[in-house]
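[1] predicted model, plus sequence, below.
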Amino acid sequence: MTIMDTGWIDIGALDDVPRQGARIVRTPSGCIAVFRTADDRVFAIDDRCPHKGGPLSQGIVHGASVTCPLHNWVISLESGTAEGADEGSVACFRVKVEDGRIHLAASAIAFAVGDTSAT
Ligand code: FES
């Protein structure tokens, strides 16, 4: 993981994440799940399901959503909100792909460790 002076953190190659899979970015206060969809879009959300904290990174990715492996809640990767009749949400973090590398907003790490002053 490389912290760039642009406010983005290089967390690895896009090809290191399988399509419809995820990888984890560990922070002092928890994990961020970085997902790759079948059409190569990338999303980063908190890895704790809003239901009972299930590991969303181990869920099944379909479209731009992930199904939690514990009780099958469906969470939007775009908004972090539970879909259907379920209610709850997880934090979403800015992420982008440049030159085949995934970059996570440095503010995501700051947010994850509780520094809300960072943007
Ligand atoms: S913990 Fe995710 S659906 Fe229950």
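    Alright, I've got the coordinates. Please read these numbers as outputs of a predicted model, since none were measured by experiment.

[2] look up how far Lys96 lies from Val17.
    The gap separating Val17 from Lys96 is 14 Å, by CB to CB, to the nearest Å. Quick note: C-beta positions are derived from backbone N, CA and C, even for glycine.

[3] and what of Trp8?
    Trp8 is 7 Å from Lys96, by CB to CB.

[4] equivalent analysis for His62, please.
    22 Å.

[5] what of Val25?
    Counting by CB to CB, the gap from Val25 to Lys96 is 14 Å.

[6] which residues are common contacts for Trp8 and Lys96?
    His103 (CB atoms under 8 Å, 6 or more residues apart in numbering).

[7] neighbour count for those two, which is higher?
    Trp8 (21 against 12; other CB atoms under 10 Å).

[8] tell me the contacts of the closest residue in space to the more buried one that isn't next to it in sequence?
    In this structure, Trp8 finds its nearest non-sequential neighbour in His103, 3.9 Å apart by CB to CB, 6 or more residues apart in numbering. His103 makes contacts with Met4, Trp8, Ile9, Asp10, Ile11, Val95, Lys96, Val97, as judged by CB under 8 Å, 6+ apart.
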